[in-house]
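*Asks:* Predicted model and sequence below, questions to follow.
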Amino acid sequence: MSLEHLTVDTFKEKVFNFEASKDWKFEGDTPAIIDFYADWCAPCKIIAPILEELQSEYGDKLTIYKVNTEEQRELSAIFGIQSIPSLLFIPTEGQPQMAMGALPKETFKQAISEVLSVN
């Protein structure tokens, strides 16, 4: 199962319409993770299969998106992405939280439970 890659348009529709509002407002109804990555980034390649496994395991309780920072520079700039992979954990209520680096699967599961309240 491959994860959906977001563009500016789909990001505004499914995650946050930054042109309509400066204040964070999540457009989705399922907690989400966004993986900001690039094809040349070795740590990004390490977590890619982990994210696909997590999407399979959590099914429709969680949505995992990918943003190619090379192709989607505007989205990277909005979040001030400096290093990749950067992972944005988005609960349905409250503010999103950013994590950096290639996290092990257990750390993802812990964040999914604690930040996103998904078990």
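*Replies:* Sure thing, it's come through.
*Asks:* C-alpha coordinates for the top helix by length along the chain, PDB please?
*Replies:* In the chain, taking DSSP state H as the definition, the longest helix is helix 42-58. The C-alpha trace of helix 42-58 is given here as PDB (Å, rounded to 0.1, in the frame of the first residue of the first chain):
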ATOM      1  CA  ALA A  42      19.200   7.900   3.300                       C
ATOM      2  CA  PRO A  43      17.300   8.100   6.700                       C
ATOM      3  CA  CYS A  44      14.200   8.900   4.800                       C
ATOM      4  CA  LYS A  45      14.600   5.600   2.900                       C
ATOM      5  CA  ILE A  46      14.900   3.800   6.300                       C
ATOM      6  CA  ILE A  47      11.600   5.000   7.600                       C
ATOM      7  CA  ALA A  48       9.600   4.700   4.400                       C
ATOM      8  CA  PRO A  49       8.800   1.000   4.800                       C
ATOM      9  CA  ILE A  50       8.100   1.600   8.600                       C
ATOM     10  CA  LEU A  51       5.500   4.200   7.700                       C
ATOM     11  CA  GLU A  52       3.900   1.900   5.200                       C
ATOM     12  CA  GLU A  53       3.700  -0.900   7.800                       C
ATOM     13  CA  LEU A  54       2.200   1.500  10.300                       C
ATOM     14  CA  GLN A  55      -0.500   2.600   7.800                       C
ATOM     15  CA  SER A  56      -1.400  -1.100   7.200                       C
ATOM     16  CA  GLU A  57      -1.500  -1.800  11.000                       C
ATOM     17  CA  TYR A  58      -3.600   1.200  11.900                       C
END
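*Asks:* which stretches of the protein aren't confidently modelled?
*Replies:* 1 (pLDDT under 70).
*Asks:* Strands of the chain, residue ranges please.
*Replies:* 4-5, 32-37, 63-68, 86-90, 97-100 (DSSP state E).
*Asks:* what about T107, how many neighbours?
*Replies:* 13 (other Cβ atoms under 10 Å). No exception for glycine: its C-beta is placed from N, CA and C like everyone else's.
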